[in-house]
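1. model the following, please.
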Amino acid sequence: MKILVSVKRVVDFNVKVRVKPDGTGVDLGNVKMAMNPFCEIAVEEGVRLKEQGIADEVVVVSIGPKACQEQIRTAMALGADRGIQIETDQELDSLAVAKLLAKVVEEEQPGLVILGKQSIDSDNNQTGQMLGALTGMPQGTFASEVNLVEGKVEVTREVDGGLQTLSLNLPAIVTTDLRLNEPRYASLPNFMKAKRKPLDTKSPADFGVDISPRLKTLKVEPPAERQAGIIVGSVDELVEKLKNEAKVI
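-> This next block holds a predicted model:
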């Protein structure tokens, strides 16, 4: 079975982002970039399934500028077999990404598609669901456990009432939550091996997909500064402030 994993290049989660002075977006100048943390979990899950003998090949795909090859090579250093980059410098919305991934799915015919549930830059949590709608494949989102049994994939996911387990016919789409696994670190020898693994570069035009933006960002601004707290002298004073000032009780 072939597993297709989608990864995204984002600002490293340890970096404190800065908004551009004109409010048009986030300043990416001299900022450390990395693989989206949820995508790292997706790669790890695909590699684990291959190590268990369930999958024969793990293919990684990323959409974005040429610099995305860095994240693809990282995924291959973690254990993926080959990579596909759809190169574009245009900022894409979730639907455009899903349409491109649908074309890759049509071309590669994977038995399982694994994506991070969302990216930490836009936080849209849409691409996996849109991909399911476009391909007609069953989907299990926010997966905290994944098991493949007799031609099906069982996905355990956290819901408000506890845990829910879905049984999906393959091929299927799974989006990963934080509790699914803990990604491994790639060693230097594996990074060197990753340089020799195949990486195909394509463009949106190769798939005949219109990536014209359907959304327009009007303004980006940082969150309001957190106000300083106060120290109360007693429980009674705390209750009074919660009741009359905060109005939460």
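2. got the contact list for stretch 182-201?
-> 40-41, 43-44, 47, 69, 72-74, 76-85, 87 (C-beta atoms under 8 Å, 6 or more residues apart in numbering). The way it works is simple: take the backbone N, C-alpha and C, and place the C-beta from them, glycine included.
3. compute the first-to-last residue distance for that stretch.
-> This stretch, stretch 182-201, spans 29 Å end to end (C-alpha to C-alpha, to the nearest Å).
4. again, but for stretch 146-156
-> 7 Å.
5. what is the rounded mean pLDDT of that stretch?
-> What stretch 146-156 shows for mean pLDDT is 92.
6. which residues are contacting that stretch?
-> Contacts to stretch 146-156, defined as C-beta under 8 Å, 6+ apart, come from residues 45, 49, 54, 112, 140, 143-145, 163-170, 172, 174, 180.
7. give me the distance from that stretch to the chain's centre.
-> Relative to the centre of its chain, stretch 146-156 is centred 21 Å away, using C-alpha atoms, centre = their mean, to the nearest Å.
8. in the chain, which spans are strands?
-> 2-7, 9-11, 33-35, 57-64, 82-87, 112-116, 139-149, 152-159, 162-169, 172-176, 199-202 (DSSP state E).
9. can you redo these as a markdown table with mean neighbour count and distance to residue 124?
-> Output for those, formatted as a markdown table (neighbours: other C-beta atoms under 10 Å; distance: least, C-beta to C-beta, whole Å):
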| stretch | mean neighbour count | distance to residue 124 |
| --- | --- | --- |
| strand 2-7 | 26 | 14 |
| strand 9-11 | 20 | 12 |
| strand 33-35 | 19 | 17 |
| strand 57-64 | 24 | 14 |
| strand 82-87 | 21 | 18 |
| strand 112-116 | 28 | 11 |
| strand 139-149 | 18 | 13 |
| strand 152-159 | 18 | 18 |
| strand 162-169 | 12 | 22 |
| strand 172-176 | 27 | 12 |
| strand 199-202 | 15 | 24 |
